[in-house]
Structures are given as structure tokens and as C-alpha cells.
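Trainee: Could you look at this predicted model? Sequence included:
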Amino acid sequence: MENHQRMKAYWKKNLSYLLILLIIWFLASYGCGILFKGPLNQVQIGGFKLGFWFAQQGSIYIFVVLIFVYVRLMNKLDKEFDVDEKE
């Protein structure tokens, strides 16, 4: 039964990581690209308004960074719960 509890804790932590990262991505894509575009458009990057940049490219860059963050978090979590791949 102890192993079942460990795996339950593992998945609970995994899902919390996913939820946090998806909220960050939502805020970056929908929030910065649509909801907060007015104030963000006061700033320009390379001649483009920041709100437009987030809507077109920024959310994609953030998504790619979040993938690497998730991989790192999951590697640490796997080691913590001793379910990592051993060579």
C-alpha cells in the first residue's frame, strides 16, 4: 500500500506542475496577447508593439521555455520518487 501512496503523491505533484505551467502559458498567450495588450502596446520591441509581439511570437517562445522547465522539473521529481531511468 505504501507504493500506491507514493505514486499518488507523485502524480499529484506532477499535475500541480502541469497546472502551474499551463496557467503561466495562458497568462502569456491569452493574457498578454489579448487581455493586457492595451498597456503592453505602450512598449515596443524592434518596432512592434509588445502586445502584438506576445500574440504573434512571445507565447510560442514562452511555451518552448516551459517545455524545458517541465522536463527539468520532471527529472527532479522522478529522482525524488525513485522512478527515474537508470543506466
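Mentor: Good, I have the coordinates.
Trainee: can you pull out the strands in this protein?
Mentor: Using DSSP state E, the strands found in the chain span residues 44-45, 48-49.
Trainee: mean confidence for the first one?
Mentor: Average pLDDT, strand 44-45: 84.
Trainee: pLDDT below threshold where in the chain?
Mentor: Applying pLDDT under 70 to the chain flags residues 1, 87.
Trainee: Among the strands of the chain, show me which one is buried the most.
Mentor: Neighbour counts (mean count of other C-beta atoms under 10 Å) averaged over each of those peak at strand 48-49, with a mean of 14. Bear in mind the C-beta positions are built from the backbone N, C-alpha and C, glycine included.
Trainee: need the strands of the chain in CSV with distance to Leu35, can you?
Mentor: Converted to CSV, the strands of the chain look like this (distance: least, C-beta to C-beta, whole Å):
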stretch, distance to Leu35
strand 44-45, 19
strand 48-49, 15
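Trainee: Of all residues in this structure, which one is nearest the centre?
Mentor: Leu21 (2.9 Å; C-alpha atoms, centre = their mean).
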